[in-house]
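> Test case, fold it:
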Amino acid sequence: QFAIVMAAWFAAPSGQAQSLRNNWIDYSKTYYRFPVTPAAVIPTSTAPPLPSNQQHLADYNTLYRISYNTLQSYGLQDVPVEQFQMWRNGNQVAVYTYPSTGVMGPDGYIEFWGLHNDGKTDRDLYRFSNYQSHDRWSMFSDTAWYYLAVNPAGNNLRITDAPNNALSSALAPDSFFMHTITVSPRTHRNLGNATPISGAEVRSSTFDIGEGWATRRNTAVFTVPFTNLFPFYNTSNTISVRFSMQGAGQLTSNITLELNDSAIGTKSYRNYRLDSSVYAGIALSRIAAASNGSCSIDFNSSTSGFNYQLSKIQFSYPRSFTFNNTDPAFVFDLDANPNGNLLKIVRFDNSAHPKILIDLTNQRRYTAVSVADTLWFELQPSATRRSLVLTTLNTGNSTLVRQVNTLVQKNFINFSDVSNQGNYLI
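Modelled structure (predicted):
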């Protein structure tokens, strides 16, 4: 019997193998590592309402550049720019280079939209992937490590300049787009599902259902305010609200969602069950005209003493292309369009610095045409829904464009090579 158990134990890893996320590594290459961190301090308010800056317009990400001077410090100044390759969390990152080909001059740089660490790689730690309520925040670190390498073989992802013929475009300008604001609280670490034993909450040693960042435990009304929504009212499109919530105790309660103090719907939550609710078809008139379009979402429990924790709130609505002159970066999505789009974006950051629009999905970079207080962009056709970044090229502002000044050389060891393996028994 002992032999059977040992044989099964040794066989288990191959039968349940998971990726170690190292299949992107080329052990013959030297990598240059550097950190990417959140672009602003992520709020951790301990009481409702959630602070409005939970709705960071660029999701705490920003533009990064590696200058010629930095590359020169590490002997990389003579590498043709088309050979540079970049990685993050096992995935290749598309970069923009100036120039687009050849050897970089003193005014050259590598540019990319830097994403801080999130919870996507945490998913493998859960017993089941749907136990993770959201993947916006990592439970371990906000810092993502990027790796720059030289790859002469090619197939290096690039963001390239796209023409912007907005002033001569035959397209009608888009009036609005469907925008989703995601609020993912990180006030408190939700420890997940529990079994009460003798008055104590006993939990599994595995990552269990609901575990992750959330609000603190609430028993009263919890409010999430939204301002500067800039809604587009002249449409039949409506509002939808989605949220994830988990009970934190043995009670059962009806949770009523209210929008501007008017009930939208009610759902029952019980014990430690994690559940999501979606309410759609909500009239756009629920958004008040005050504060450039505002509303508040309230979560109201019918049972006194019922504890619950919110982990994600998503608010979707038709938004105009209007801003308030002070927004230096904005992330949004556009639906697929076989004809392309003409965008006229009004009052976005009134500074004199150039503005660019990056199509992260199709890897295109557009430079704005400015007409008075309006930025004009003609976007090329797209067969898929696009993720876009509108930002200001202010290289003197480290909040908008972060300079990578230090690289750390890294040579990975291939432990699948027998010569790098030990010879021992544990």
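> So which elements touch the longest strand seen in the chain?
If you go by DSSP state E, the chain has its longest strand at strand 308-319. Identification of packing neighbours for strand 308-319 by 3 or more C-beta pairs under 8 Å, 6 or more residues apart in numbering; DSSP states H and E yields strand 177-183, strand 188-190, strand 212-214, strand 222-226, strand 239-247, strand 295-301. All C-beta atoms are positioned from the backbone trio N, CA, C, and that covers glycine.
> which of these is buried the deepest?
Comparing those by mean neighbour count (mean count of other C-beta atoms under 10 Å), strand 212-214 ranks first with a mean of 27.
> Counting by contacts, list what that one packs against.
strand 188-190, strand 308-319.
> which residues make contact with the first one from outside it?
It refers to strand 188-190. When contacts are defined by C-beta atoms under 8 Å, 6 or more residues apart in numbering, strand 188-190 is touched by residues 46, 133, 139, 210-217, 246, 248, 309, 311.
> and with 10 Å instead?
The contact list for strand 188-190 (C-beta atoms under 10 Å, 6 or more residues apart in numbering) reads 44, 46, 133, 139, 209-218, 246, 248, 272, 274, 309-311.
> Buried ones only from those, please, as a ChimeraX command.
Here is the ChimeraX command that selects the buried residues among the contacts of strand 188-190 (16 or more other C-beta atoms under 10 Å):
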select :133,209,210,211,212,213,214,215,216,217,218,246,248,272,274,309,310,311
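> What segments of this structure are helices?
Along the chain, the segments classed as helices by DSSP state H run 2-15, 68-73.
> ok, of those helices, where does mean pLDDT dip lowest?
Among the helices of the chain, helix 2-15 has the lowest mean pLDDT, at a mean of 42.
> thinking again about what came up before, out of the helices and strands packed on strand 212-214, nearest to residue 287?
Minimum separation from residue 287 across the helices and strands packed on strand 212-214 (C-beta to C-beta) falls at strand 308-319, 6.8 Å.
> Check what pLDDT the nearest residue to residue 89 once chain neighbours are set aside gets.
In this structure, residue 89 finds its nearest non-sequential neighbour in residue 121, 5.7 Å apart by C-beta to C-beta, 6 or more residues apart in numbering. Model confidence at residue 121, given as pLDDT, is 93.
> Residue 288 now?
At residue 288, pLDDT is 92.
> which ones are touching the residue found closest to it once you drop the neighbours it is linked to in the chain?
In space, residue 288 comes closest to residue 294 once its chain neighbours are excluded; the distance is 5.2 Å by C-beta to C-beta, 6+ apart. When contacts are counted by C-beta under 10 Å, 6+ apart, residue 294 touches 52, 225-229, 231, 260, 287-288.
> ok, residue 38 to residue 205 distance?
To residue 205, residue 38 is 30 Å away according to C-beta to C-beta, to the nearest Å.
> cool, and residue 279?
Counting by C-beta to C-beta, the gap from residue 279 to residue 205 is 36 Å.
> Model confidence score at the residue lying closest to residue 412 once chain neighbours are set aside, please.
Of all residues not flanking residue 412 in the chain, residue 25 sits nearest, at 5.0 Å (C-beta to C-beta, 6+ apart). Residue 25 is assigned a predicted lDDT (pLDDT) of 96.
> Isn't residue 25 up against residue 147?
Yes - using C-beta atoms under 10 Å, residue 25 is in contact with residue 147, at 8.8 Å.
> For those two, list the residues in contact with both.
31, 87, 90, 410, 412.
> which of those has the most neighbours?
Greatest neighbour count in the shared contacts of residue 25 and residue 147, by other C-beta atoms under 10 Å, goes to residue 31: 21 neighbours.
> Give me the pLDDT value at it.
98.
> what's the neighbour count on residue 261?
Residue 261 - counted by other C-beta under 10 Å - has 8 other residues nearby.
> Let's see if you can find the most crowded of the contacts of residue 294.
For the contacts of residue 294, neighbours tallied by other C-beta under 10 Å; top is residue 231, 25 neighbours.
> any idea how far that residue lies from residue 62?
In terms of C-beta to C-beta, residue 231 sits 26 Å off from residue 62.
> Residue 90 too?
Residue 90 sits 22 Å away from residue 62, going by C-beta to C-beta.
> And for residue 280?
Residue 280 is 33 Å from residue 62, by C-beta to C-beta.
> same thing with residue 291?
Between residue 291 and residue 62 the computed distance is 26 Å (C-beta to C-beta).
> Neighbour count for those two, which is higher?
For the pair residue 291 and residue 62, the greater number of neighbours falls to residue 62 (25 against 13), based on other C-beta under 10 Å.
> What pLDDT does the model give that one?
pLDDT recorded at residue 62 is 94.
> Kindly report the same for residue 149.
With respect to pLDDT, residue 149 scores 98.
> burial measure for it, as a count.
18.
> Can you tell me how far it is from residue 73?
Here residue 149 is placed at a distance of 17 Å from residue 73 (C-beta to C-beta).
> How about residue 393?
Counting by C-beta to C-beta, the gap from residue 393 to residue 73 is 24 Å.
> before we move on, what about residue 103?
Taking C-beta to C-beta, one finds residue 103 at 16 Å from residue 73.
> Stretch 138-152: end-to-end distance?
Terminal residues of stretch 138-152 lie 34 Å apart, using C-alpha to C-alpha, to the nearest Å.
> So for that stretch, what gets flagged as buried?
Those would be 138, 142, 144-149, for stretch 138-152 by 16+ other C-beta under 10 Å.
> Please dump those residues into CSV; it should also carry distance to residue 403 for every row.
Formatted as CSV, the buried residues of stretch 138-152 follow (distance: C-beta to C-beta, whole Å):
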residue, distance to residue 403
138, 24
142, 19
144, 17
145, 17
146, 14
147, 18
148, 14
149, 20
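> of those residues, closest to residue 107?
Set against residue 107, the nearest of the buried residues of stretch 138-152 by C-beta to C-beta is residue 148 (19.2 Å).
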